[in-house]
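Colleague: Coordinates for the following, if possible.
(one chain, ligands or ions: 2)
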Amino acid sequence: MYHLTIQTHFAAAHNLLNYDGDCENLHGHNWKVEVTVKTSTLDDAGLGIDFKILKKKTNKVMDFLDHKYLNDLEPFKGVSTSSERISKYVFDELVDDLQGSGVIVERVTVWESDNACASYTAD
Ligand SMILES: Nc1nc2c(c(=O)[nH]1)N=C([C@H](O)[C@H](O)COP(=O)(O)OP(=O)(O)OP(=O)(O)O)CN2
Ligand SMILES: [Zn+2]
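Modeller: Ligands and ions are numbered 1, 2, ... in the order given. Here you go, the predicted structure:
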């Protein structure tokens, strides 16, 4: 199995719900997003999926999040916009987009700072 990883980022504002601390107040992050996919097959160029294509698909999701107040976005209505929730959202969007391509989304990791991240995987 081949495992391919790309990184991208977005900047946004959010606040946690039901959280007793500073993070319940409006604040922002420059989130780094890491996507890992897997595939057992390669194309004629020896690629599992072109990094450019994977980045383009991921950046479509980033465009939806970038420079937004995440709590106002439909997918996060009424829930706390934690890095956990963001990682699952990005994961689900990529699963939809890569349906039928033979490329499996393995993991999405969302870093909200240099030293804290959350990941979502299928299992
Ligand atoms: N499991 C999670 N814990 C926390 C999340 C999260 O998404 N998942 N998010 C937050 C807040 O968004 C908050 O902005 C982060 O706060 P904190 O970790 O305190 O970040 P700092 O940069 O202020 O870190 P310091 O090391 O304390 O300076 C909180 N928890
Ligand atoms: Zn935060």
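Colleague: Please enumerate residues in contact with the helix or strand encompassing Asp63?
Modeller: Secondary structure assignment for Asp63, by DSSP states H and E: helix 51-65. Helix 51-65 is contacted by residues 4, 6, 8-10, 12, 31, 33, 35, 37, 73, 86, 89-90, 93-94, 97-98, 103 when judged by Cβ atoms under 8 Å, 6 or more residues apart in numbering. C-beta here means a position set from N, CA and C on the backbone, and glycine is covered the same way.
Colleague: List buried members of those residues by neighbour count.
Modeller: Neighbour counting by 16 or more other Cβ atoms under 10 Å classes 4, 6, 8, 10, 12, 31, 33, 35, 37, 86, 89-90, 93-94, 97-98, 103 among these as buried.
Colleague: got the angle for the helix or strand containing Val110 vs helix 51-65?
Modeller: Using DSSP H and E, Val110 sits within strand 104-113. Relative orientation of strand 104-113 versus helix 51-65 (axes from the mean of the first three to the mean of the last three Cα atoms, to 10 degrees): 50 degrees.
Colleague: Test my guess that Val79 contacts Arg85.
Modeller: Yes. Using Cβ atoms under 8 Å, Val79 is in contact with Arg85, at 6.1 Å.
Colleague: Neighbour count for those two, which is higher?
Modeller: Arg85 (19 against 11; other Cβ atoms under 10 Å).
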